[in-house]
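Trainee: only geometry, no sequence info:
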Ligand SMILES: Cc1ncc(C[n+]2csc(CCOP(=O)(O)OP(=O)(O)O)c2C)c(N)n1
Ligand SMILES: [Mg+2]
């Protein structure tokens, strides 16, 4: 058998797992692994400028491809710098393997230089973690980590690697396990047959159904089944923020995103539905609004691979544990077999009602002579990219506007931090996507606050030539915070504006990128066209937008789903 | 409502911390927790007693426990017939022979045993359900000064055929 050191085993195990790209930052306790990487020609490593960005890059790489993202960092501060990234991935169920160095085993517990209990610090935000105390454990720990990270409800897994375990002088027999099984872990994939029957029956007899599609459908690659089921039964479909793209944004049965900044028609349809069929959504507080007033007349049907997501916030009358893809296929097969269908007349009546709500045109907005509106920027982006870009975003108003005005065609096209809402996610996320898909246009829609949270990655873009487009909706403020202060704090703008936003054009140029400033609406489209034509350059488009523009619709706090502000002055009469 | 949850989990470093972390993180209450390896040394058996406000919370708690990668089985004991036992060691001051006699009598009634004696102290060992131990503490407290109490926390098992196995 081949003899390898612990450090070599790490690299070989990753290779044997089929990993091509990893993201990281070296330091004392992983130098042996870095030396092994130096000698490998199979793995491409990207050196970031801050470990948090490495995790976001790996995370978005995973979101865009469905593969597991891999991160390598040193002990102590290197490891703790990853925590925000790991928490972000955890909240959105993204599979990651994070390898972190550790002080030598005989120093553990002695407060040695750069010792942090990474297993302890990361515990609440990982799916699982391993600490390897001998080199022989490394291949099996890595195999298990990939298996656990990518199956069931995916999530991040941390592997702690003490320095002495990596020692290049000690060689051990190496074999990468072909498969792995864990007696304590076996996710349920197919749905219970009885439940499938009941679900189909409920769906067929519903007069006012809504298909409520979440990020779980994207993770499970269930878009095909979602589309087929929706079309077969003429169901209205709403996507969550995380589900955008799971059902095509321009499909006539798409009624928009739901929730806090969801459309009038989506939120009203939910509230008035008699059946809500949730596929990989988790009834998050940003969706339900006040749970006591949530959809009073609806029967709730919920598919999720994670039993804890079922009936957590809202009681599910008809729960199905399983993979969305498999369960929906089971339902489709049953429909095919029985040739049963729903009552077209009542569905049509339901559509008449929904179309009435749609006619309200809740996303219409007023343009201005003096200011560029953020909505115009996103619509222009859609036009210029023909709706085909991978769009990443940061967190704030710009994120909501991107979600509302860029109708995503496919899954894995919209990459954002939904669960954690992590500012600073957008730029490294775009880089991760571009590395995965060098030939596709990738754009990061960002805000002047968010972009400055990982701006240092412009340097990584320079080093590896990762030509993403950065589209900054610059309102010189923490717009979303300001909006809340306007609405709920008597307009007192406590620390929500930026007094000194840098000159982003100059900043981009300092990194040898291209910066374009857009101040008027007529400059917008040419700037975006140019940005996407310059395929091998990072282009930073800084658009001065109306600093007073707010995001609407917006649900009224403590209200029902359909209780919304449609503008600062108009409220639904719910 | 009071619940007793049995958990069968991998006897691995970190497994206990994950369970305790879960309870802290989700602000679930732990009244007592016992854990020890089973006859199969690769497995640990844990008994957790907890106070929950409704059955939905209990259900969520059990699902969350089961979601931990190290956990094999989770079951609730109070909903079926079960045996629960707790061990207590209690040290009391024995001021004079009268008090000594009284303590001995009470211990006998509760089927306790005196496991250590000094001129002025008795250490009593008692097993039983929580309520019995509570009652014993109250009774002894009436006649003499309790110096120290240590309780193991509840161990529980279902009656009959039902078993939690790997
Ligand atoms: C790391 C982090 N810190 C704070 C917040 C709270 N927060 C949410 S949105 C927002 C404002 C973001 O400002 P900007 O990036 O300029 O976006 P805008 O809302 O102006 O479009 C803040 C501070 C957060 N989500 N993440
Ligand atoms: Mg801003």
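Mentor: In hand now; what should we look at? Quick caveat, the model's predicted, so the values are computed rather than measured. Numbering: from 1, shown residues only, chains lettered A, B, ... in the order given. Ligands and ions are numbered 1, 2, ... in the order given.
Trainee: what number of residues lie near residue 50?
Mentor: Since you didn't name a chain, this refers to chain A. The local packing of residue A:50 (other Cβ atoms under 10 Å in any protein chain shown) involves 20 other residues. Where you see a C-beta, it was placed from the backbone N, CA and C, and this is true even at glycine.
Trainee: right idea, wrong chain: chain B
Mentor: As a measure of burial, residue B:50 has 20 neighbours, counting by other Cβ under 10 Å.
Trainee: ok, the lengthiest strand in chain B: who's next to it in the sheet?
Mentor: Longest strand in chain B by number of residues (criterion: DSSP state E): strand B:82-93. Next to strand B:82-93 in the sheet, as set by DSSP bridges, lie strand B:121-128 (antiparallel), strand B:146-151 (antiparallel), strand B:155-158 (antiparallel).
Trainee: of those strands, which approaches ligand 2 most closely?
Mentor: strand B:155-158 (55.8 Å; Cβ to the ion).
Trainee: Phi first, then psi, for residue A:385.
Mentor: phi -90, psi 0 (degrees, to the nearest 10).
Trainee: Which residue, neighbours along the chain excluded, lies closest to it?
Mentor: Nearest residue to residue A:385, sequence neighbours excluded (Cβ to Cβ, 6 or more residues apart in numbering or on different chains): residue A:441, at 5.5 Å.
Trainee: Likewise for residue A:407?
Mentor: The shortest distance from residue A:407 to any non-neighbouring residue, by Cβ to Cβ, 6+ apart, is to residue A:249 (2.7 Å).
Trainee: Isn't the one you found up against residue A:410?
Mentor: No - contact criterion Cβ atoms under 8 Å: residue A:249 and residue A:410 do not qualify, at 9.3 Å.
Trainee: So the two - more neighbours on which side?
Mentor: Set residue A:249 next to residue A:410 and count neighbours by other Cβ under 10 Å: residue A:249 wins out with 22 against 16.
Trainee: So which bits of chain B are right by chain A?
Mentor: B:9-10, B:13-14, B:17-18, B:21, B:25, B:56, B:59-60, B:63-64, B:66-67, B:69-72, B:166 (Cβ under 8 Å from any Cβ of the partner chain).
Trainee: one more time with 6 Å, if that's ok
Mentor: B:10, B:21, B:25, B:63-64, B:67, B:69-72 (Cβ under 6 Å from any Cβ of the partner chain).
Trainee: Neighbour count, secondary structure and distance to ligand 2 for the residues you listed - can I get that in a markdown table?
Mentor: As requested, the residues of chain B next to chain A are exported to a markdown table (neighbours: other Cβ atoms under 10 Å in any protein chain shown; DSSP: H, G, I helix; E, B strand; the rest coil; distance: Cβ to the ion, whole Å):
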| residue | neighbour count | secondary structure | distance to ligand 2 |
| --- | --- | --- | --- |
| B:10 | 20 | strand | 47 |
| B:21 | 15 | helix | 36 |
| B:25 | 12 | helix | 32 |
| B:63 | 18 | helix | 40 |
| B:64 | 20 | helix | 37 |
| B:67 | 19 | helix | 37 |
| B:69 | 21 | coil | 40 |
| B:70 | 20 | coil | 43 |
| B:71 | 21 | strand | 44 |
| B:72 | 19 | strand | 49 |
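Trainee: could those residues go into TSV alongside pLDDT?
Mentor: Shown next, in TSV, are the residues of chain B next to chain A (pLDDT from 0 to 100):
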residue	pLDDT
B:10	97
B:21	97
B:25	95
B:63	98
B:64	98
B:67	98
B:69	98
B:70	97
B:71	98
B:72	97
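Trainee: what domains does the record give for chain A?
Mentor: A:3-173, A:193-358, A:374-551 (automatic domain parsing).
Trainee: The ones you listed: which one's closest to residue A:365?
Mentor: domain A:374-551 (5.1 Å; Cβ to Cβ).
Trainee: end to end, how far does that closest one reach?
Mentor: When the termini of domain A:374-551 are compared using Cα to Cα, to the nearest Å, they are 10 Å apart.
Trainee: got it, and stretch A:105-121?
Mentor: 18 Å.
Trainee: for stretch A:299-317, same thing?
Mentor: 6 Å.
Trainee: List of residues touching that stretch?
Mentor: A:152-153, A:199, A:202, A:275-279, A:282-283, A:291, A:294, A:318-321, A:323-324, A:327, B:63-64, B:67 (Cβ atoms under 6 Å, 6 or more residues apart in numbering or on different chains).
Trainee: just checking, which of the residues you listed belong to helices?
Mentor: A:199, A:202, A:324, A:327, B:63-64, B:67 (DSSP state H).
Trainee: and these as CSV, adding distance to residue B:141?
Mentor: Listed next are the ones in helices among the contacts of stretch A:299-317 as CSV, based on distance: Cβ to Cβ, whole Å:
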residue, distance to residue B:141
A:199, 58
A:202, 59
A:324, 59
A:327, 58
B:63, 40
B:64, 38
B:67, 42
